[in-house]
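Novice: dropping the sequence and predicted coords here.
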Amino acid sequence: MTNPPGRDRPRIYLITPDHLEPDAAAQKLEAAFSGGDIACVQLRLKGADDETVLAAARRLMPIAHAHDAAFLINDRADLAKACDADGVHLGQKDGDIATARNLLGFNKDIGVTCHNSRHLAFDAGDQGADYVAFGAFFPSDTKKIEHQAELETLEIWSEISEIPCVAIGGITATNCGDLVRAGADFLAISGYVWGHADGPAAAISALNTAIDAAFQPAS
Ligand SMILES: Cc1ncc(COP(=O)(O)OP(=O)(O)O)c(N)n1
Ligand SMILES: Cc1nc(C(=O)O)sc1CCOP(=O)(O)O
Ligand SMILES: [Mg+2]
């Protein structure tokens, strides 16, 4: 199985821990960027009040931007608007795309969780999503998994749609190769980076090495 023709090399989509202290998280995020290429950072705080999310965004977004990475807010288009983030990621229960688009405009990215469903992905695309996310591919320590995604979902989507697709769920440097070969445009990762024994830089470096090893550019 090789990468579908015309797809670019997949890139890392880094998701923050769901609870963090901004200054410590800033140091770890800088370390992650020192490990290599990261396309995007998603601030994914759970159970935090609005000001806590906005304070974390104010601390971490400049770091992402200093490394030419996008910075997205999870769940909340209104908070993405409030901190002028580069976009929002919406789950199936986080509000509709049209409302987020009205808030954020067309210069911001709106991503949508589509589990293992091309139907959800087509719907999201029809409503103007900038990317679709399929998952979970592997067991995750970060989130209780309710949907198991299949490689075929990535393979088919990357053959039939130009809309970028993100793979998520328990992704590591060891298991990401099949996702790369199936056509994922981004690999969304959290626990493997923040829990890596040698630190976030080593994790990012290992992931980029694994992506390079698995990606065969179209001839
Ligand atoms: C890139 C990406 N894909 C999927 C998710 C999961 O979103 P959701 O289903 O809304 O679950 P929570 O992350 O909100 O718990 C995501 N956050 N990012
Ligand atoms: C936030 C999230 N969403 C998922 C989905 O399947 O939609 S899996 C997941 C957890 C991602 O973190 P880790 O890389 O540590 O598994
Ligand atoms: Mg959500």
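Specialist: The structure has been received and is ready for your questions. Ligands and ions are numbered 1, 2, ... in the order given.
Novice: residues contacting residue 202?
Specialist: Residue 202 makes contact with 35, 196, according to CB atoms under 8 Å, 6 or more residues apart in numbering. Backbone N, C-alpha and C define where each C-beta goes, glycine included.
Novice: please apply the same query to residue 19.
Specialist: Applying CB under 8 Å, 6+ apart to residue 19 gives the contacts 45, 46, 47, 48.
Novice: next one: residue 127
Specialist: For residue 127, the contact set (CB under 8 Å, 6+ apart) comprises 96, 97, 98.
Novice: can you tell me the residue of the protein closest to ligand 3?
Specialist: Using CB to the ion, residue 91 is the residue of the chain that sits closest to ligand 3, at 3.2 Å.
Novice: in this structure that residue contacts residue 115, no?
Specialist: No. Between residue 91 and residue 115 there is no contact under CB atoms under 8 Å: 9.4 Å.
Novice: neighbour count for those two, which is higher?
Specialist: More neighbours surround residue 115 than the other of residue 91 and residue 115, with 20 against 14 (other CB atoms under 10 Å).
Novice: if we can go back for a sec, most neighbours, which of the contacts of residue 127?
Specialist: For the contacts of residue 127, the largest neighbour count, defined by other CB under 10 Å, is 21 neighbours, found at residue 97.
Novice: for it, which non-adjacent residue is closest in space?
Specialist: residue 127 (4.1 Å; CB to CB, 6 or more residues apart in numbering).
Novice: which residues of this protein lie near ligand 3?
Specialist: Proximity of the chain to ligand 3, by CB under 5 Å from the ion, involves residues 75, 91, 94.
Novice: please repeat the previous calculation with a cut-off of 6 Å.
Specialist: Residues of the chain lying close to ligand 3 by CB under 6 Å from the ion are 74, 75, 91, 94.
Novice: contact partners for the nearest residue to the last one once chain neighbours are set aside?
Specialist: The shortest distance from residue 94 to any residue other than its chain neighbours is 4.7 Å, reached at residue 75 (CB to CB, 6+ apart). Residues in contact with residue 75, defined by CB under 8 Å, 6+ apart, are 44, 88, 89, 90, 91, 94.
Novice: repeat that for residue 37.
Specialist: Here residue 37 is in contact with 11, 12, 204, 208 (CB under 8 Å, 6+ apart).
Novice: could you identify the most distant pair in the residues you listed?
Specialist: Using CB to CB, those span at most 11.0 Å, a distance reached by 11 and 204.
Novice: what touches both of those two?
Specialist: With CB under 8 Å, 6+ apart, residue 11 and residue 204 have common neighbours 37, 38.
Novice: so these two - more neighbours on which side?
Specialist: residue 204 (25 against 20).
Novice: how about the more buried one: what's its closest non-neighbour residue?
Specialist: residue 35 (3.2 Å).
Novice: how near is the one you found to ligand 2?
Specialist: 16 Å (CB to the nearest ligand atom, to the nearest Å).
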